[in-house]
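Enquirer: Build the 3D model from these lines:
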Amino acid sequence: MQRCDWAGEDPIYVAYHDTEWGVPEYDSRALWEKLILDGFQAGLSWITILKKRDNFRAAFAGFDPNVVAGWGEAEVARLLGDPGIIRHRGKIEATITNARAWQGIEAAGGFDQFLWDRVGGKPIQNAWANRGEVPTSTALSEQISKDLKRAGFRFCGPTIVYAFMEAVGMVNDHVTTCHRHAEVARLG
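Expert: Below you'll find the model as predicted:
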């Protein structure tokens, strides 16, 4: 079975690639979680985040943005002492800020709609022959990044946003030789 080369041989990566990456996600809370995790990944490898994902979920109240939005310095201090997550003050504080921004977008029509409207409600179907062809950002990820920042989000630059778009299936960037390319395309 052929898959995208980035998945390698690590069972965690392979499972993520084969069951999650690129599958269209329409749940507002789950979309927020994935954007937050992509922000924490900045400067690190994605496998680091995957291995700590359950710890992140426990530390951040199941990624319930309505809970996280009410947090302050006591929770920041607690999280900075948690060895199970990435202990980066800026990213932790941004998560709280982003929860509040999420609430505003959610109340105004839904975080899911906010994102999916930018791709016409369905995934962009790319047809890359190899990973070297896949961009790290696009004009669309730059625009979404600007829109998120205008709404109050942090740690959501164009590269983070593009990786997020790939992860949540807003774009299908499985290479055409990967067994998941056609499967994910059908989900769109």
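
Enquirer: Run through the helices of this protein in chain order.
Expert: Assigned by DSSP state H, the chain shows helices spanning 11-19, 28-41, 46-59, 65-68, 73-80, 89-107, 111-116, 139-150, 158-167, 179-187.

Enquirer: Mind giving me the packing neighbours of the last one?
Expert: If contacts are counted by 3 or more Cβ pairs under 8 Å, 6 or more residues apart in numbering; DSSP states H and E, helix 179-187 sits against strand 171-172. Using the backbone N, CA and C atoms, a C-beta is placed for each residue, glycine as well.

Enquirer: Give me the contacts around the strand it packs on.
Expert: Residues outside strand 171-172 that contact it (Cβ atoms under 8 Å, 6 or more residues apart in numbering): 22, 119, 123-126, 162, 165, 181, 184-185, 188.

Enquirer: partners of it in the sheet?
Expert: Paired strands of strand 171-172, with direction, are strand 124-125 (parallel) (DSSP bridges).

Enquirer: what pLDDT, on average, does the partner strand get?
Expert: Per-residue pLDDT values over strand 124-125 give a mean of 98.

Enquirer: And for stretch 162-172?
Expert: For stretch 162-172, mean pLDDT is 98.

Enquirer: Let's see the distance spanning that stretch from one end to the other.
Expert: Stretch 162-172 has its terminal residues 11 Å apart, counting by Cα to Cα, to the nearest Å.

Enquirer: What is the burial count for the closest residue to residue 93 other than its chain neighbours?
Expert: Nearest non-adjacent residue to residue 93, counting by Cβ to Cβ, 6 or more residues apart in numbering: residue 76, 6.1 Å away. Each residue near residue 76 was counted by other Cβ atoms under 10 Å, and the total is 15.
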